[in-house]
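# Have a look at this prediction, sequence included:
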Amino acid sequence: MALYKKMISGKPYWYLREMARVDGKPKMVSERYLGTAEDIEKLLDAKESATLPAKTRHLGFGDSAAAWSVLARLDVAGIIDEVAGARRADAGASVGTYLALAALNRVVAPTSKLGFADWWKTTAADRFAKIPASVLDHRKFWDAMHALSLKQLAEVEERIAVAMISEFNLDVSALALDMANFATYIDSANENAPIAQRGKAKQKRTVPSLVGLGLVITRDGGIPLLAHTYPGNKPDVTQFPLMIDELGARHRKLAETTGTGEKPEVTVVFDAGQNSATNFTRVTDTGLAFVCSIPPSHVADLLQLPAADRTIVDKERFAGLTAVETRRVVYGTERRVILTHSPTLHAAQVAGFAQTLAKAQAKLAELTESLARGKTRRTTDQLTEHIKAITRDSWLRRVLVCELTGDTPATHKLTVIVTDTAKEELEDEVFGKRVLVTTQEHWPIADVVAAYRSQSDAEFGFRQLKDPHVVSFSPMHHWTEHNIRVHTFTCVLALQIAHLMRREAEHAGEHLSVRELLDQLAGIQETVMIYPSTGGRPKIRRMLTETTATQDKLTAVFNLTKWAPKKS
């Protein structure tokens, strides 16, 4: 039997011929038309599909491929390698590749460096990234972290920020600044990591030590442009000047890099936690404009203005939000001040205060009953301090009247009264109100409000870093100052990648949170089918699972076909 090709009208057609000797001479005894090469391929595919695979397995594809796509678009590995220098001869991959992979893992499925190789095997990433699990030992990651000095790390962060701005055309005219801290597993006595210190945990749990992190985030997509890591026992207000100085320097460098010749106008947004006369001066001296909030007590007279003085800001954008603007001296300088009132915030504060009041009343009632039974031996001073602790909230002190009589344990008596008039005055004077201060003299009030509300993007970034499942700061199993700072860099890089992905999906009409986006992408899997061998190596076929309309759109957004398995 042999294949035989016939050329008909310049096109090849294939036949299967059987030859035999007839009367001692070779002669064709049968001829079977097979068709074109394409026809033969279809026949083979049909036969193969009729054969069930001996084994199948599903690998993660969409989420890791999309994150890898953004990392590649920014050339993160290339930027790091250019700064870090040539790779070691015994390294399985370059320093940039290892750190880019660490960020990729933080986006998709945060795990320790020890568990990285096992996670990698559950994905199809080794195929399209061309990086085998055998070179992903946790010690290789540590070597890569050590290979980058902190000075080099700062340069890498700056270059990646410039790449994000230019590659994704980010609007950096308004930036939000916020700070948070993260729990570690480090004993505060560890002298190798002075950045990890005991402090007040914002995660509301008892921990040995904390690491502080400040972020400057764009209003355009909530993309972190600047990260500042600091000891967890340092108050936020002390770190603000350092971030402002770095932000000013970053934007001067950006102007030089882009060749604009002038520093772009930047408005930084921050909240009352960073307020001080020094910090206000620092911002203006750096040449940055600002929008911030201040405690209402700084301009208490504004709270007394009648509601009739306020007007609707922008009904379409902010529903029932009303505002009035004026000028007041704030931290020694006359500034533009805007008082806003939000019905939504008002209602939330009413509900929150009702809970706070109920808890305080319950504790005071318990104390009252205890005194009435003569079951306490505390002195008058001790009881007075205890009552102050229960009513330490300034709003409670306005509403509750607590009268302690008697001068011995046997004669002590507590009377508690809720002053309804004071409660109504509190709600009318304070609830729902916020005081904004800005150097932007010509911005409409609506733009000032929108800028301030971008602070929520920074807060969301921190909440995202505390999500244990995607884009997470934890687990953080590092015990030295250097490695903690490099680890934080990879976490912030993961946050940058995740929010760039969300921004790209948003521009394509897919309004998804980071978690929802990654869930959709995780649904795009790669199926590996291993067919029985008929001699030689088994036949392996790869294909993507069926996708929804949303997943099809995301496939196009992130050009996942570039990383998809080739048809065999």
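Done, it's in.
# pLDDT averaged over stretch 372-390, what's the number?
Average pLDDT, stretch 372-390: 88.
# show me where pLDDT drops low in the stretch 451-568 of the chain?
For the stretch 451-568 of the chain, the stretches flagged by pLDDT under 70 are 474-479, 533-536, 567-568.
# Show me where it has its helices.
Counting by DSSP state H, counting those that start in this stretch, the stretch 451-568 of the chain has helices at residues 455-465, 481-507, 514-522, 549-557.
# Okay, now the unreliable bits of the protein?
1, 22, 29, 43-52, 181-209, 232-233, 251-265, 474-479, 533-536, 567-568.
# Show me which residues of the biggest helix by length in the chain are buried.
With secondary structure taken from DSSP state H, the chain has its longest helix at helix 343-372. In terms of neighbour count (16 or more other Cβ atoms under 10 Å), helix 343-372 has its buried residues at 346, 349, 353, 357, 360-361, 364, 367-368, 371. C-beta: built from backbone N, CA, C; applies to glycine.
# Point out the most buried one among the helices of the stretch 451-568 of the chain.
Greatest average neighbour count among the helices of the stretch 451-568 of the chain goes to helix 481-507 (a mean of 22), per mean count of other Cβ atoms under 10 Å.
# and that helix with helix 514-522, angle?
Interaxial angle, helix 481-507 versus helix 514-522 (axes from the mean of the first three to the mean of the last three Cα atoms, to 10 degrees): 80 degrees.
# could we number from 61 for the rest of this?
Sure thing, new numbering starts at 61, so read that last one as helix 541-567.
# Give me the angle between helix 541-567 and helix 609-617.
For helix 541-567 against helix 609-617, the angle by the same axes, to 10 degrees is 110 degrees.
# Please compute how far helix 541-567 lies from its chain's middle.
7 Å (Cα atoms, centre = their mean, to the nearest Å).
# do the same with stretch 158-171
Remark: stretch 158-171 is offset 13 Å from the chain centroid, using Cα atoms, centre = their mean.
# From the structure, what's the count of residues near the residue nearest to Phe618 when sequence neighbours are not counted?
In space, and not counting its chain neighbours, Phe618 is closest to Ala126: 4.1 Å by Cβ to Cβ, 6 or more residues apart in numbering. Per other Cβ atoms under 10 Å, the neighbour tally for Ala126 reads 30.
# Which helix or strand contains Ala126?
Using DSSP states H and E, Ala126 sits in helix 122-134.
# list the helices and strands that helix packs on?
Helix 122-134 is packed against helix 155-168, helix 185-189, helix 210-228, helix 541-567, helix 574-582, helix 609-617, with contacts defined by 3 or more Cβ pairs under 8 Å, 6 or more residues apart in numbering; DSSP states H and E.
# quick one on the thing from earlier: for the residue nearest to Phe618, give me its contacts.
Ala126 makes contacts with 561, 581, 614, 618, 620, as judged by Cβ atoms under 8 Å, 6 or more residues apart in numbering.
# circling back: now the helices and strands packed on helix 122-134 as JSON lines including distance to Val531?
Shown next, in JSON lines, are the helices and strands packed on helix 122-134 (distance: least, Cβ to Cβ, whole Å):
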{"stretch": "helix 155-168", "distance to Val531": "6"}
{"stretch": "helix 185-189", "distance to Val531": "17"}
{"stretch": "helix 210-228", "distance to Val531": "16"}
{"stretch": "helix 541-567", "distance to Val531": "5"}
{"stretch": "helix 574-582", "distance to Val531": "6"}
{"stretch": "helix 609-617", "distance to Val531": "17"}
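# one step back: make a markdown table from the helices of the stretch 511-628 of the chain and add distance to Glu394 to it.
What follows is these, written out as a markdown table (distance: least, Cβ to Cβ, whole Å):
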| stretch | distance to Glu394 |
| --- | --- |
| helix 515-525 | 24 |
| helix 541-567 | 38 |
| helix 574-582 | 42 |
| helix 609-617 | 49 |
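# and of those, who's closest to Ile590?
Minimum separation from Ile590 across those (Cβ to Cβ) falls at helix 574-582, 23.2 Å.
# Work out the gap between the closest one and the centre of the chain.
Between the centre of helix 574-582 and the centre of its chain there are 13 Å (Cα atoms, centre = their mean).
# Any chance you could give me stretch 422-437 in PDB, C-alpha atoms only?
Presented in PDB, the C-alpha positions along stretch 422-437 are these (Å, rounded to 0.1, in the frame of the first residue of the first chain):
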ATOM      1  CA  ALA A 422     -26.500  48.900  78.500                       C
ATOM      2  CA  LYS A 423     -23.100  49.200  80.200                       C
ATOM      3  CA  LEU A 424     -24.300  52.100  82.400                       C
ATOM      4  CA  ALA A 425     -27.500  50.200  83.300                       C
ATOM      5  CA  GLU A 426     -25.400  47.200  84.400                       C
ATOM      6  CA  LEU A 427     -23.300  49.500  86.500                       C
ATOM      7  CA  THR A 428     -26.400  51.200  88.000                       C
ATOM      8  CA  GLU A 429     -27.800  47.900  89.000                       C
ATOM      9  CA  SER A 430     -24.500  46.800  90.500                       C
ATOM     10  CA  LEU A 431     -24.400  50.000  92.600                       C
ATOM     11  CA  ALA A 432     -28.000  49.600  93.700                       C
ATOM     12  CA  ARG A 433     -27.200  46.100  95.000                       C
ATOM     13  CA  GLY A 434     -24.100  47.400  96.800                       C
ATOM     14  CA  LYS A 435     -22.000  44.900  94.900                       C
ATOM     15  CA  THR A 436     -19.100  47.200  94.100                       C
ATOM     16  CA  ARG A 437     -16.200  48.300  96.300                       C
END
